[in-house]
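[1] Provide a 3D model corresponding to the input given below.
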Amino acid sequence: MAKDEEDDLLPDKDAAKGFYAKYEPKEILGRGISSTVRRCIEKETGKEFAAKIIDLGATTEAGETNPYHMLEATRQEISILRQVMGHPYIIDLQDVFESDAFVFLVFELCPKGELFDYLTSVVTLSEKKTRTIMRQIFEGVEYIHAKNIVHRDLKPENILLDENHNVKITDFGFARQLQEGEKLTDLCGTPGYLAPETLKCNMFEGSPGYSQEVDIWACGVIMFTLLVGCPPFWHRKQMVMLRNIMEGKYSFTSPEWADISEDPKDLIRKCLVVDPAQRITVKEVLRHPFFNQMLRKQSRFNARKKFQFAILVIRAVIRIRRLRYTAEPLHVEEAIRDPYRVKVLRKVIDGCAFRVYGHWVKKGEGQNRAALFENTPRTELHALYINNLSR
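    Model (predicted):
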């Protein structure tokens, strides 16, 4: 049996009676190395959720099978999820069921899927949409950091969108809760989003380690990617990409950046600082001008000025509509150069074209009605032209 077919099979009902008693599993939404995500329906209420079914006996990327280690890692993720749940931009853990072979995590359902898939469909996002999404991500990160937790694997694939396209940070498998002053040294995460200090821990002995600053770096990479549709450090050769990360080597020189204002570029620069001690903090990020533009506009709302502006707009629209009834000055030079531009001449030209061709000539099909005047006109056409001008 193929591996995908094996993954499609649901665990035996005896393995998790509690889950099956409360929920009805449906189609597969996604797969991981050791887990499968299915849509499920709560039998009592009919509400939809997403069930992450973790196979404790699954083989890891390293080719190992360690059910005890898998269970401990899952319990640690559950512990962190319970600490951060309740925030509007962090995935909500609804239920947990454990058995000897499986763990069932029931989450709120995010019908719009991953931010990665959304970005793939639209390629790039406007500054306004990027501002909304990144503000939500940073607010979620601020809440996570306030609990002394570091996520360590922020990327578009681990950010879901609910039915209103609001952000939900998910996948806390690599997350760790830090003690006061504690530094981490293990290498984990996704290569394109790794911070320089994380790489240094794996490359150089005696590296000081890393902390919550790695999440800010990852957010900078995400923001760059949302605006132009590609990550800042990507290279087909992974070693070149890692060297670019270590050196903080990226640029805003591609044509896509020409239409992007300075504020988002400045915020990205401050997020992608190689030295974590000099990198912007999440609180400073949320005070950055890129996020405070809308707040300034809202705080300056003035009903009287808004009403006056509306009146001006209405008057302008009325004047524009009246333009069609305003006589256009006719200059002989203009009539000779482009007679078809003038409405009164256009009617004459159409009439002439009908008399010559015996039918109306459609513009844009290789026939130029104004070209009738490029040749010597017949006497009757010339007379018709003069008579119409004199009216």
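[2] Residue 292 sits in which helix or strand?
    Secondary-structure element containing residue 292, defined by DSSP states H and E: helix 289-299.
[3] Can you name the next helix or strand after that helix?
    That would be, after helix 289-299 and using DSSP H and E, helix 303-322.
[4] can you dump the C-alpha coordinates of the helix or strand following that following helix into CSV?
    Counting by DSSP H and E, the next helix or strand C-terminal to helix 303-322 is helix 332-337. C-alpha atoms of helix 332-337 as CSV (Å, rounded to 0.1, in the frame of the first residue of the first chain):
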residue,chain,number,x,y,z
VAL,A,332,-8.7,75.1,-38.4
GLU,A,333,-5.2,73.6,-37.8
GLU,A,334,-6.7,71.0,-35.4
ALA,A,335,-9.5,70.2,-37.9
ILE,A,336,-7.0,69.6,-40.6
ARG,A,337,-4.7,67.5,-38.5
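[5] Please identify the buried residues of helix 332-337?
    By neighbour count on 16 or more other CB atoms under 10 Å, the buried set for helix 332-337 is residue 335. Where C-beta positions appear, they are placed from N, C-alpha and C, glycine not excepted.
[6] and if you look at stretch 84-102?
    84, 87, 89-99, 102.
[7] Output those residues as TSV; include the columns distance to residue 159.
    TSV is the format used below for the buried residues of stretch 84-102 (distance: CB to CB, whole Å):
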residue	distance to residue 159
84	14
87	14
89	9
90	10
91	10
92	15
93	16
94	19
95	22
96	22
97	26
98	27
99	30
102	26
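[8] now, the most widely separated pair of these?
    The distance between the two most remote of those (CB to CB) is 31.4 Å, for 89 and 99.
[9] re earlier: just the buried residues of stretch 84-102: which has the poorest pLDDT?
    When the buried residues of stretch 84-102 are compared on pLDDT, residue 99 comes out lowest, with 86.
[10] Check whether it really touches residue 54, as I assumed.
    No: Residue 99 lies out of contact with residue 54 (CB atoms under 8 Å); the separation is 10.5 Å.
[11] if I look at the two, which residues touch both of them?
    Counting by CB atoms under 8 Å, 6 or more residues apart in numbering, residue 99 and residue 54 have no common neighbour.
[12] Helix, strand or coil: sort out the closest residue in space to residue 103 that isn't next to it in sequence for me.
    Of all residues not flanking residue 103 in the chain, residue 54 sits nearest, at 4.4 Å (CB to CB, 6 or more residues apart in numbering). Recorded secondary structure, residue 54: strand (DSSP: H, G, I helix; E, B strand; the rest coil).
[13] Return the residues in contact with residue 54.
    Contacts of residue 54 by CB under 8 Å, 6+ apart are 34-35, 70, 74, 102-105.
[14] Three-state assignment for residue 278, please.
    Assigned by three-state DSSP, the conformation of residue 278 is coil.
[15] for the stretch 201-350 of the chain, what are the low-confidence residue spans?
    Counting by pLDDT under 70, the low-confidence segments of the stretch 201-350 of the chain come to 294-301, 324-330, 339-347, 349-350.
[16] change it to 80
    Residues of the stretch 201-350 of the chain meeting the criterion pLDDT under 80: 293-305, 321-350.
[17] Just give me the neighbour total for residue 109.
    18 (other CB atoms under 10 Å).
[18] Just list the residues touching it, thanks.
    With CB under 8 Å, 6+ apart, residue 109 has these contacts: 39, 48-50.
[19] Just the buried ones from those?
    Applying 16+ other CB under 10 Å to those flags 39, 49-50 as buried.
[20] Which parts of the protein belong to which domain?
    Split into domains by automatic domain parsing, the chain comes to 3-108, 115-299, 332-390.
[21] Export the ones you listed as TSV, with columns for distance to residue 316.
    TSV is the format used below for these (distance: least, CB to CB, whole Å):
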stretch	distance to residue 316
domain 3-108	41
domain 115-299	22
domain 332-390	23
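[22] got a pLDDT number for residue 62?
    58.
[23] now the end-to-end length of stretch 56-69.
    9 Å (CA to CA, to the nearest Å).
[24] swap in stretch 254-273?
    20 Å.
[25] can you check stretch 54-65 too?
    13 Å.
[26] Centre of the chain to stretch 33-50, how far?
    25 Å (CA atoms, centre = their mean, to the nearest Å).
[27] I'd like the contacts of residue 54 written out as CSV, with secondary structure and distance to residue 336 added.
    Listed next are these as CSV, based on DSSP: H, G, I helix; E, B strand; the rest coil; distance: CB to CB, whole Å:
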residue, secondary structure, distance to residue 336
34, coil, 80
35, strand, 77
70, helix, 85
74, helix, 83
102, strand, 86
103, strand, 84
104, strand, 83
105, strand, 79
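[28] Of those - the most surrounded one?
    That'd be residue 104 among those, by other CB under 10 Å, with 24 neighbours.
[29] per-residue confidence for that one?
    So residue 104 comes in at 94 (pLDDT).
[30] Wait, it touches residue 52, no?
    Yes: between residue 104 and residue 52 there is a contact at 7.4 Å, judged by CB under 8 Å.
[31] Which parts of the stretch 1-150 of the chain are helices?
    With helices called from DSSP state H, counting those that start in this stretch, the stretch 1-150 of the chain shows them at 3-8, 17-22, 67-84, 115-122, 127-146.
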